[in-house]
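Novice: Predicted model follows, preceded by the sequence.
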Amino acid sequence: MTKKIELKKYIRSIPDFPKPGILFRDITTLLKDKKAFKSAVESLVNKYKKKKIDKVVAVEARGFILGGVLAHKLGVGFVPVRKPGKLPWKTNSVTYALEYGTDTLEMHHDAINPGERVLIVDDLLATGGTVKAVTDLVKQLQGKIIGIAFLIELTDLKGKDKLRGYPVYSLIKYY
């Protein structure tokens, strides 16, 4: 087991990206550091290893990095959630509101069997809209959401409010 380290110091903050007024939290600086990445993964594995997870569901693109590793370490299946037209088989989709407009996410219609225990993983919880859409996709397929995990949570944006009723866990919190 790797010694637990302060993960926040491995996150680069970039002002005015992708537009003025936004402070972007860049996880690539954590991912490139072998000790920090290992510590983050082990922390999440330890949190969920006794939860009897069947599938890890993750959102493109950065969510795939953590989700794929967690699925492997937990010995469970991995389910990608993607933008429309990126999955090669029949899909279920959900459209959700953005600050300006809407977006759509898709999952293969046979990705989760009814009753399977699901862990949803993404890199960042901001306003919560994307992951709320993922919970809707999992519910369409009658999966049981055991938890929702993030590397980073921006608490001032109150994304957790959209995920009420689900156990939400974040490794790093910015207040």
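Specialist: Cool, got the structure.

Novice: All the helices of the chain, in order from the start?
Specialist: For the chain, the helices defined by DSSP state H cover 28-31, 34-48, 62-74, 129-140.

Novice: pLDDT (mean, whole number) over the longest one?
Specialist: When you say that, I think you mean helix 34-48. The pLDDT scores in helix 34-48 average 98.

Novice: Find the nearest non-adjacent residue to the residue positioned nearest the centre of the chain, please.
Specialist: Among the residues of the chain, the one closest to the centroid is residue 122, at 1.4 Å (C-alpha atoms, centre = their mean). Nearest non-adjacent residue to residue 122, counting by C-beta to C-beta, 6 or more residues apart in numbering: residue 63, 4.1 Å away. To be clear about C-beta, it is placed using only N, CA and C from the backbone, and glycine gets the same treatment.

Novice: repeat for residue 107
Specialist: Nearest residue to residue 107, sequence neighbours excluded (C-beta to C-beta, 6+ apart): residue 137, at 4.7 Å.

Novice: Please tell me I have it right and that neighbour contacts residue 96.
Specialist: No. If you go by C-beta atoms under 8 Å, residue 137 and residue 96 don't touch, sitting 10.3 Å apart.

Novice: Now list whatever residues contact both of the two.
Specialist: Common neighbours of residue 137 and residue 96, using C-beta atoms under 8 Å, 6 or more residues apart in numbering, are residue 105.

Novice: Which one's more surrounded, these two?
Specialist: When residue 137 and residue 96 are compared for neighbours, residue 137 comes out ahead with 24 against 16, by other C-beta atoms under 10 Å.

Novice: With residue 112 as the reference, measure out to that one.
Specialist: Noted for residue 137: a distance of 9 Å to residue 112, by C-beta to C-beta, to the nearest Å.

Novice: can you check residue 142 too?
Specialist: Taking C-beta to C-beta as the measure, residue 142 and residue 112 are separated by 8 Å.

Novice: Compare the two (neighbour count), which wins?
Specialist: More crowded of residue 142 and residue 112, by other C-beta under 10 Å: residue 112, with 25 against 11.

Novice: Contacts only, for the more buried one.
Specialist: Shown in contact with residue 112 (C-beta under 8 Å, 6+ apart): 55, 57, 79, 118, 138, 141-143.

Novice: again, only using 7 Å
Specialist: By C-beta atoms under 7 Å, 6 or more residues apart in numbering, the contact set of residue 112 is 55, 79, 118, 138, 141, 143.

Novice: cool, residue 135 as well?
Specialist: Counting by C-beta under 7 Å, 6+ apart, residue 135 touches 120, 145, 166.

Novice: Return the entry from these with the maximum number of neighbours.
Specialist: Per-residue neighbour counts (other C-beta under 10 Å) across the contacts of residue 135 peak at residue 120, which has 28 neighbours.
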